[in-house]
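> need a 3D model of the sequence below.
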Amino acid sequence: MTEATRRERLRAETERDIRRQARALLVEHGRDAVTLRAIARELGITAPALYRYYDSREDLLRRLAEDICTDLAARLNADLESITEDDVSAQVFAVCRGFRRWALAHPQEFALVFASTEDTLGRGGPDDHNQVGDQFGRIFLEVAGRLIAGHPLPDEVSADVPEDLHADLAAFQKVLLATVNDHGVGVDEQVLSLGAVYHITQSWVRIYGHVALEVFGRFPFALANPEPLFDSMLAEIMGGMGLSQQP
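Here you go, the predicted model:
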(Lines give C-alpha, C1' and ligand atoms only; values in the text may rest on other atoms or scores of the structure.)
Protein backbone atom coordinates (compact mmCIF):
# COMPACT_ATOMS: atom_id res chain seq x y z
CA MET A 1 0.00 0.00 0.00
CA THR A 2 1.44 3.36 -1.02
CA GLU A 3 1.67 6.19 1.48
CA ALA A 4 -0.90 8.19 -0.52
CA THR A 5 -3.35 5.26 -0.49
CA ARG A 6 -2.84 4.78 3.23
CA ARG A 7 -3.58 8.46 3.88
CA GLU A 8 -6.72 8.25 1.76
CA ARG A 9 -7.89 5.19 3.70
CA LEU A 10 -7.23 6.83 7.06
CA ARG A 11 -9.01 9.98 5.95
CA ALA A 12 -12.05 7.98 4.81
CA GLU A 13 -12.12 6.13 8.13
CA THR A 14 -11.94 9.38 10.07
CA GLU A 15 -14.76 10.88 8.01
CA ARG A 16 -16.91 7.84 8.76
CA ASP A 17 -16.08 8.10 12.48
CA ILE A 18 -17.10 11.77 12.46
CA ARG A 19 -20.43 11.07 10.77
CA ARG A 20 -21.06 8.07 13.01
CA GLN A 21 -20.59 10.24 16.08
CA ALA A 22 -22.68 13.02 14.55
CA ARG A 23 -25.51 10.59 13.95
CA ALA A 24 -25.30 9.25 17.49
CA LEU A 25 -25.67 12.80 18.82
CA LEU A 26 -28.56 13.44 16.44
CA VAL A 27 -30.44 10.31 17.50
CA GLU A 28 -29.88 10.81 21.22
CA HIS A 29 -30.22 14.57 21.57
CA GLY A 30 -31.54 16.04 18.30
CA ARG A 31 -30.17 18.26 15.55
CA ASP A 32 -29.05 21.11 17.81
CA ALA A 33 -26.69 18.73 19.64
CA VAL A 34 -24.76 18.01 16.45
CA THR A 35 -21.93 20.53 16.77
CA LEU A 36 -18.31 20.30 15.72
CA ARG A 37 -17.22 20.93 19.30
CA ALA A 38 -19.34 18.07 20.67
CA ILE A 39 -18.13 15.67 17.98
CA ALA A 40 -14.50 16.61 18.55
CA ARG A 41 -14.90 16.07 22.28
CA GLU A 42 -16.32 12.58 21.76
CA LEU A 43 -13.58 11.64 19.28
CA GLY A 44 -10.77 13.12 21.38
CA ILE A 45 -9.61 15.62 18.79
CA THR A 46 -9.75 19.40 18.50
CA ALA A 47 -12.70 21.12 16.85
CA PRO A 48 -10.49 22.98 14.32
CA ALA A 49 -9.16 19.61 13.15
CA LEU A 50 -12.64 18.74 11.86
CA TYR A 51 -12.40 21.51 9.27
CA ARG A 52 -9.86 19.33 7.44
CA TYR A 53 -12.77 17.00 6.68
CA TYR A 54 -15.84 19.24 6.50
CA ASP A 55 -16.11 22.89 5.51
CA SER A 56 -18.73 23.65 8.13
CA ARG A 57 -21.40 22.18 10.37
CA GLU A 58 -23.87 22.56 7.48
CA ASP A 59 -21.53 20.57 5.23
CA LEU A 60 -21.43 17.80 7.82
CA LEU A 61 -25.22 17.82 8.18
CA ARG A 62 -25.59 17.49 4.40
CA ARG A 63 -23.33 14.44 4.38
CA LEU A 64 -25.15 13.00 7.37
CA ALA A 65 -28.48 13.45 5.57
CA GLU A 66 -27.05 11.60 2.57
CA ASP A 67 -26.04 8.69 4.82
CA ILE A 68 -29.52 8.58 6.32
CA CYS A 69 -31.16 8.59 2.89
CA THR A 70 -28.86 5.79 1.73
CA ASP A 71 -29.88 3.67 4.72
CA LEU A 72 -33.57 4.41 4.12
CA ALA A 73 -33.21 3.53 0.44
CA ALA A 74 -31.60 0.19 1.32
CA ARG A 75 -34.47 -0.64 3.66
CA LEU A 76 -37.13 0.26 1.10
CA ASN A 77 -35.34 -1.66 -1.64
CA ALA A 78 -35.31 -4.70 0.66
CA ASP A 79 -39.09 -4.35 1.05
CA LEU A 80 -39.48 -4.24 -2.74
CA GLU A 81 -37.39 -7.36 -3.39
CA SER A 82 -40.22 -9.70 -2.44
CA ILE A 83 -42.71 -8.01 -4.81
CA THR A 84 -42.94 -8.96 -8.46
CA GLU A 85 -41.91 -6.25 -10.89
CA ASP A 86 -45.33 -6.06 -12.55
CA ASP A 87 -47.24 -5.60 -9.28
CA VAL A 88 -46.77 -1.84 -9.16
CA SER A 89 -49.71 -1.23 -6.82
CA ALA A 90 -48.09 -3.45 -4.19
CA GLN A 91 -44.80 -1.60 -4.72
CA VAL A 92 -46.46 1.75 -4.04
CA PHE A 93 -48.04 0.44 -0.84
CA ALA A 94 -44.72 -1.10 0.25
CA VAL A 95 -42.74 2.10 -0.31
CA CYS A 96 -45.28 4.33 1.43
CA ARG A 97 -45.77 1.98 4.38
CA GLY A 98 -42.03 1.43 4.66
CA PHE A 99 -41.43 5.17 4.74
CA ARG A 100 -43.97 5.60 7.54
CA ARG A 101 -42.48 2.75 9.60
CA TRP A 102 -38.98 4.14 9.19
CA ALA A 103 -40.04 7.69 10.10
CA LEU A 104 -41.78 6.54 13.29
CA ALA A 105 -38.72 4.51 14.29
CA HIS A 106 -36.25 7.30 13.42
CA PRO A 107 -37.89 10.64 14.30
CA GLN A 108 -34.65 12.62 14.59
CA GLU A 109 -33.33 11.39 11.25
CA PHE A 110 -36.72 12.11 9.68
CA ALA A 111 -36.66 15.63 11.09
CA LEU A 112 -33.17 16.30 9.70
CA VAL A 113 -33.88 15.07 6.19
CA PHE A 114 -37.57 15.81 5.66
CA ALA A 115 -38.53 18.52 8.12
CA SER A 116 -35.58 20.92 8.19
CA THR A 117 -36.50 24.60 8.08
CA GLU A 118 -32.92 25.57 7.24
CA ASP A 119 -31.39 25.38 3.77
CA THR A 120 -28.61 23.05 4.84
CA LEU A 121 -29.37 19.98 2.75
CA GLY A 122 -28.26 21.31 -0.62
CA ARG A 123 -31.61 21.54 -2.35
CA GLY A 124 -31.42 23.57 -5.48
CA GLY A 125 -33.86 25.24 -7.82
CA PRO A 126 -36.63 23.58 -9.82
CA ASP A 127 -34.23 22.39 -12.52
CA ASP A 128 -31.82 20.82 -10.03
CA HIS A 129 -31.98 17.05 -9.49
CA ASN A 130 -31.26 17.72 -5.82
CA GLN A 131 -34.80 19.05 -5.56
CA VAL A 132 -35.81 15.39 -5.42
CA GLY A 133 -32.29 14.12 -4.99
CA ASP A 134 -32.53 12.19 -1.75
CA GLN A 135 -32.44 8.44 -2.17
CA PHE A 136 -35.97 7.94 -0.88
CA GLY A 137 -37.25 10.47 -3.40
CA ARG A 138 -35.63 8.55 -6.22
CA ILE A 139 -37.22 5.27 -5.12
CA PHE A 140 -40.64 6.89 -4.66
CA LEU A 141 -40.44 8.56 -8.06
CA GLU A 142 -39.21 5.42 -9.79
CA VAL A 143 -42.17 3.45 -8.46
CA ALA A 144 -44.57 6.31 -9.23
CA GLY A 145 -43.14 6.53 -12.76
CA ARG A 146 -43.70 2.83 -13.38
CA LEU A 147 -47.21 3.20 -12.03
CA ILE A 148 -48.02 6.12 -14.34
CA ALA A 149 -46.30 4.48 -17.33
CA GLY A 150 -48.32 1.28 -16.97
CA HIS A 151 -51.57 2.88 -15.83
CA PRO A 152 -52.15 6.32 -17.39
CA LEU A 153 -54.39 8.51 -15.29
CA PRO A 154 -58.08 8.83 -16.22
CA ASP A 155 -58.75 11.90 -18.38
CA GLU A 156 -60.78 13.61 -15.67
CA VAL A 157 -57.81 13.37 -13.24
CA SER A 158 -55.20 14.45 -15.77
CA ALA A 159 -57.20 17.45 -16.95
CA ASP A 160 -57.96 18.91 -13.53
CA VAL A 161 -54.86 21.09 -13.03
CA PRO A 162 -55.19 24.67 -11.70
CA GLU A 163 -53.86 27.07 -14.32
CA ASP A 164 -51.86 29.03 -11.74
CA LEU A 165 -49.76 25.90 -11.10
CA HIS A 166 -48.86 25.14 -14.72
CA ALA A 167 -45.47 26.88 -14.73
CA ASP A 168 -44.29 25.31 -11.49
CA LEU A 169 -45.57 21.89 -12.46
CA ALA A 170 -43.88 22.14 -15.86
CA ALA A 171 -40.54 22.85 -14.16
CA PHE A 172 -41.04 19.93 -11.78
CA GLN A 173 -42.13 17.75 -14.71
CA LYS A 174 -38.64 18.10 -16.21
CA VAL A 175 -37.06 16.94 -12.97
CA LEU A 176 -39.42 13.99 -12.67
CA LEU A 177 -38.88 12.93 -16.28
CA ALA A 178 -35.10 12.99 -15.83
CA THR A 179 -35.28 11.11 -12.53
CA VAL A 180 -37.65 8.43 -13.77
CA ASN A 181 -35.87 7.89 -17.09
CA ASP A 182 -32.50 7.73 -15.32
CA HIS A 183 -33.85 4.65 -13.56
CA GLY A 184 -34.85 2.83 -16.72
CA VAL A 185 -38.53 3.72 -16.78
CA GLY A 186 -39.16 5.12 -20.25
CA VAL A 187 -41.77 7.86 -20.04
CA ASP A 188 -42.32 11.10 -21.90
CA GLU A 189 -44.45 14.22 -21.46
CA GLN A 190 -47.45 12.46 -23.00
CA VAL A 191 -47.42 9.83 -20.27
CA LEU A 192 -46.05 11.94 -17.41
CA SER A 193 -48.36 14.83 -18.20
CA LEU A 194 -48.93 17.89 -16.06
CA GLY A 195 -51.99 16.11 -14.71
CA ALA A 196 -49.88 13.15 -13.66
CA VAL A 197 -47.30 15.44 -12.05
CA TYR A 198 -50.10 17.24 -10.24
CA HIS A 199 -51.50 13.94 -8.94
CA ILE A 200 -48.06 12.70 -7.81
CA THR A 201 -47.43 16.01 -6.05
CA GLN A 202 -50.78 15.95 -4.29
CA SER A 203 -50.23 12.33 -3.27
CA TRP A 204 -46.80 13.07 -1.82
CA VAL A 205 -48.15 16.09 0.10
CA ARG A 206 -50.83 13.90 1.66
CA ILE A 207 -48.46 11.04 2.49
CA TYR A 208 -45.78 13.33 3.89
CA GLY A 209 -48.33 15.38 5.80
CA HIS A 210 -49.76 12.33 7.53
CA VAL A 211 -46.33 10.96 8.42
CA ALA A 212 -45.07 14.31 9.71
CA LEU A 213 -48.16 14.84 11.88
CA GLU A 214 -47.77 11.34 13.30
CA VAL A 215 -44.02 11.60 13.93
CA PHE A 216 -44.34 14.95 15.69
CA GLY A 217 -47.54 14.05 17.55
CA ARG A 218 -49.54 16.84 15.92
CA PHE A 219 -52.79 15.14 14.98
CA PRO A 220 -55.71 17.46 15.84
CA PHE A 221 -57.30 14.69 17.92
CA ALA A 222 -56.14 11.57 19.74
CA LEU A 223 -55.76 8.43 17.62
CA ALA A 224 -55.09 5.13 19.35
CA ASN A 225 -53.80 3.70 16.05
CA PRO A 226 -53.22 6.01 13.06
CA GLU A 227 -52.28 3.12 10.75
CA PRO A 228 -55.82 2.45 9.44
CA LEU A 229 -56.15 6.15 8.60
CA PHE A 230 -52.87 6.01 6.67
CA ASP A 231 -53.89 2.85 4.80
CA SER A 232 -57.30 4.29 3.90
CA MET A 233 -55.54 7.38 2.51
CA LEU A 234 -53.30 5.19 0.35
CA ALA A 235 -56.32 3.23 -0.86
CA GLU A 236 -58.09 6.48 -1.76
CA ILE A 237 -55.05 7.72 -3.69
CA MET A 238 -54.81 4.45 -5.62
CA GLY A 239 -58.55 4.30 -6.19
CA GLY A 240 -58.44 7.79 -7.67
CA MET A 241 -56.09 6.41 -10.31
CA GLY A 242 -58.43 3.54 -11.10
CA LEU A 243 -56.05 0.99 -9.52
CA SER A 244 -56.37 -1.72 -6.94
CA GLN A 245 -56.96 -0.16 -3.54
CA GLN A 246 -55.25 -3.03 -1.71
CA PRO A 247 -51.94 -4.67 -2.64
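
> now do the buried residues in the helix or strand in which residue 66 is found.
Per DSSP states H and E, residue 66 falls inside helix 57-81. In terms of neighbour count (16 or more other Cβ atoms under 10 Å), helix 57-81 has its buried residues at 57, 60-69, 71-73, 75-76, 79-80. The C-beta positions use only the backbone N, C-alpha and C, and glycine is treated the same way.

> what angle do whatever helix or strand comes next after it and helix 57-81 make?
Next helix or strand after helix 57-81 toward the C-terminus (DSSP H and E): helix 88-105. Angle, helix 88-105 to helix 57-81, by axes from the mean of the first three to the mean of the last three Cα atoms, to 10 degrees: 140 degrees.

> show me what counts as buried in helix 88-105.
For helix 88-105, the neighbour count (16+ other Cβ under 10 Å) marks 88-100, 102-103 as buried.

> one step back: and the helix holding residue 66, what does it pack onto?
In terms of contacts (3 or more Cβ pairs under 8 Å, 6 or more residues apart in numbering; DSSP states H and E), helix 57-81 is packed against helix 3-29, helix 36-43, helix 88-105, helix 107-114, helix 135-150.

> check which helices and strands the first one sits against.
What it means is helix 3-29. Where contact means 3+ Cβ pairs under 8 Å, 6+ apart, helix 3-29 is packed against helix 36-43, helix 57-81, helix 107-114.

> I'd like the average pLDDT over that helix.
Averaged over helix 3-29, pLDDT sits at 89.

> next: stretch 229-240.
For stretch 229-240, mean pLDDT rounds to 89.

> ok, back up a step: lowest average pLDDT across the helices and strands packed on helix 3-29?
Lowest mean pLDDT within those: helix 57-81, a mean of 89.
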